[in-house]
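can't give you the sequence, but here's the structure:
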């Protein structure tokens, strides 16, 4: 049911705000999270990629919102045992979080934990 509502929201955002808007990107990310929870990892990855593309284009490579997208995509790869794909995404996210928010911020610490998990595989 969540995907149905997110799909409707996505259609509205695309029509009113355009494809390259943060609300459109956030909706792609929300849909990716639902697909991930449903075990539809390929679809989740496609939607995370769309989210990340829009955020990089609109907010830049050093924005914390872009880092969140990098982190989420990295976690998906990590959950699938794809360390080579996860590592650079998580490292980029961590660099942005540390630079923007500092080492004590919850996002920086969350990313540090993900990078520690990466080392255990």
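Received, thanks. Treat the numbers as computed from the prediction; the structure is a model and nothing was measured. Residues are numbered from 1 along each chain as shown.

can you mark which positions in stretch 29-49 are buried?
Within stretch 29-49, the residues scored as buried using 16 or more other C-beta atoms under 10 Å are 29-36, 41, 43-45, 47-48. In this view, the C-beta of every residue, glycine as well, is placed from N, C-alpha and C.

pipe these into CSV and attach secondary structure per row.
Supplementary listing: those in CSV, determined by DSSP: H, G, I helix; E, B strand; the rest coil:
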residue, secondary structure
29, helix
30, helix
31, helix
32, helix
33, helix
34, helix
35, helix
36, helix
41, helix
43, helix
44, helix
45, helix
47, helix
48, helix
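
tell me the contacts of the residue positioned nearest the centre of the chain?
The residue lying closest to the centre of the chain (C-alpha atoms, centre = their mean) is residue 69, at 2.3 Å. Shown in contact with residue 69 (C-beta atoms under 8 Å, 6 or more residues apart in numbering): 25, 29, 48, 51, 52, 55.

ditto for residue 13
Here residue 13 is in contact with 21, 23, 24, 27 (C-beta under 8 Å, 6+ apart).

verify the stated contact: the last one with residue 8.
No. In this structure residue 27 lies outside contact range of residue 8 using C-beta atoms under 8 Å: 9.7 Å.

with neighbour numbers in mind, choose between the two.
residue 27 (24 against 11; other C-beta atoms under 10 Å).

tell me the phi and psi of residue 105?
phi -70, psi 150 (degrees, to the nearest 10).

what's the closest non-adjacent residue to it?
Of all residues not flanking residue 105 in the chain, residue 97 sits nearest, at 6.5 Å (C-beta to C-beta, 6 or more residues apart in numbering).

ranking the contacts of residue 13 by neighbours, who comes first?
Counting by other C-beta under 10 Å, top hit in the contacts of residue 13: residue 27 with 24 neighbours.

now it: how far from residue 80?
Computed as C-beta to C-beta, to the nearest Å, the residue 27 to residue 80 distance reads 23 Å.

residues contacting the residue nearest to residue 29 when sequence neighbours are not counted?
Nearest non-adjacent residue to residue 29, counting by C-beta to C-beta, 6+ apart: residue 51, 4.1 Å away. If you count contacts by C-beta under 8 Å, 6+ apart, residue 51 has them with 25, 26, 28, 29, 32, 69.
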